Structures are given as structure tokens and as C-alpha cells.
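Chemist: Build me a model from this:
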Amino acid sequence: MLKLEGFDVATAINAETGLELADSVRPSAIILDMRMPITNGLQFLRTLRARAHLVEIPVAIVTGDYFLSDTITHELRSLGAYIKFKPLWLEDLIALAKTMVA
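Modeler: Purely as a prediction, here's the structure:
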């Protein structure tokens, strides 16, 4: 969907591949799901922020979990993540991407 709006998009099937891709591509922004196999969005974000060359990349965590604990929400925000809840409609996704790369 973002490609159709003119964004260059790279995708990863899991967090490990996503981190490798972030290392090599250094994207302008990252949008990821909170729930992933093996790890989750918070752990991905912690790992990403621990890499000095990736600290400034805007990250959005998308989740269907409307009952995130205050502790998790606070940590996500302190690590600089946008938090968005599913469903994320096309216009919301485009607006989010534009905000993140602006």
C-alpha cells in the first residue's frame, strides 16, 4: 500500500531479519507489529535503540492489544515509538508514514 503512495518499502518476515535490514538499509522509518514470533515490538525497539547508528530512526508500533500495560506503553514512548492500534486503515497508514518521514 505504501509503495503505491510513492514510498520505498522494504519488508522483513521476522524481527531478526528486520534488524539486519535496518543495519544495512538504514530506513527513514520503521513500522512494525507489537506481536511477532520469538520476540515482540518492544524487544525489537530496545535492540534497535541500542545500536547507535539506528537510534534516530522513527518507529511505529502497531498492535491489536488495546490493554497494553502502562509500563509497556511508557517504555515504548520513552524509546520514541508511536503507538497505533489496529485496525489501521489505509489513510491512517499513509498519514503515519508521512509524519514519520517528514
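Chemist: The chain: helices as residue ranges?
Modeler: 15-25, 41-49, 70-78, 90-101 (DSSP state H).
Chemist: Can you tell me which of those is nearest to Val9?
Modeler: Of all the helices of the chain, it is helix 90-101 that lies closest to Val9, at 9.2 Å by CB to CB. Every residue, glycine included, has its C-beta placed from N, CA and C.
Chemist: Now that closest one: average pLDDT?
Modeler: What helix 90-101 shows for mean pLDDT is 96.
Chemist: How about stretch 31-42?
Modeler: Stretch 31-42 shows a mean pLDDT of 91.
Chemist: Show me which positions of that stretch end up buried.
Modeler: With burial defined by 16 or more other CB atoms under 10 Å, the residues of stretch 31-42 counted as buried are Ile31, Leu32, Met34, Met36, Thr39, Asn40, Gly41, Leu42.
Chemist: From Ser69, how far off is the third one?
Modeler: The one in question is Met34. Noted for Met34: a distance of 12 Å to Ser69, by CB to CB, to the nearest Å.
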